[in-house]
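Asks: Quick one: sequence and predicted model below, then my questions.
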Amino acid sequence: MEIPTILLTVSEAAQHLRLSRSSFYNLIKAGEVETVLIGGRRLVKTASVRRLAQIEEE
């Protein structure tokens, strides 16, 4: 049974959207992307990346 990926690193999420890490951090700062802190690491919710990708397509 494969466990679905629900969290991505900032670098992984930025790559999916073809953005630089700094541009992605700007989206985080603007509240456009949902993140969580786990052990000092900022991780991005995949649902938030999908939602942002859909907005960009429209």
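Replies: Received, thanks. Residues are numbered from 1 along each chain as shown.
Asks: buried sites along the worst-scoring helix or strand of the chain on mean pLDDT?
Replies: Lowest by mean pLDDT, DSSP states H and E among the helices and strands of the chain is helix 46-57, with a mean of 84. By neighbour count on 16 or more other CB atoms under 10 Å, the buried set for helix 46-57 is Thr46, Ser48, Val49, Leu52. For every residue, glycine as well, the C-beta is placed using N, CA and C.
Asks: Between those residues, which sits nearest Ala13?
Replies: Distance to Ala13, by CB to CB, is smallest for Val49 among the buried residues of helix 46-57, at 5.0 Å.
Asks: what's around the nearest residue to Leu7 once chain neighbours are set aside, how many residues?
Replies: Leaving aside its sequence neighbours, Leu7 sits nearest to Leu43 (CB to CB, 6 or more residues apart in numbering; 4.1 Å). Residues contacting Leu43 under the criterion other CB atoms under 10 Å number 18.
Asks: Ok, Leu37 next?
Replies: 8.
Asks: quick one: contacts of the stretch of helix or strand it belongs to?
Replies: Leu37 belongs to strand 35-38 when assigned by DSSP states H and E. Under the criterion CB atoms under 8 Å, 6 or more residues apart in numbering, residues Leu7, Val10, Ile28, Arg42, Leu43, Val44, Lys45, Ser48 lie in contact with strand 35-38.
Asks: Can you pick out the most distant pair from the residues you listed?
Replies: Of all pairs in these, the most separated under CB to CB is Leu7 and Ile28 at 13.7 Å.
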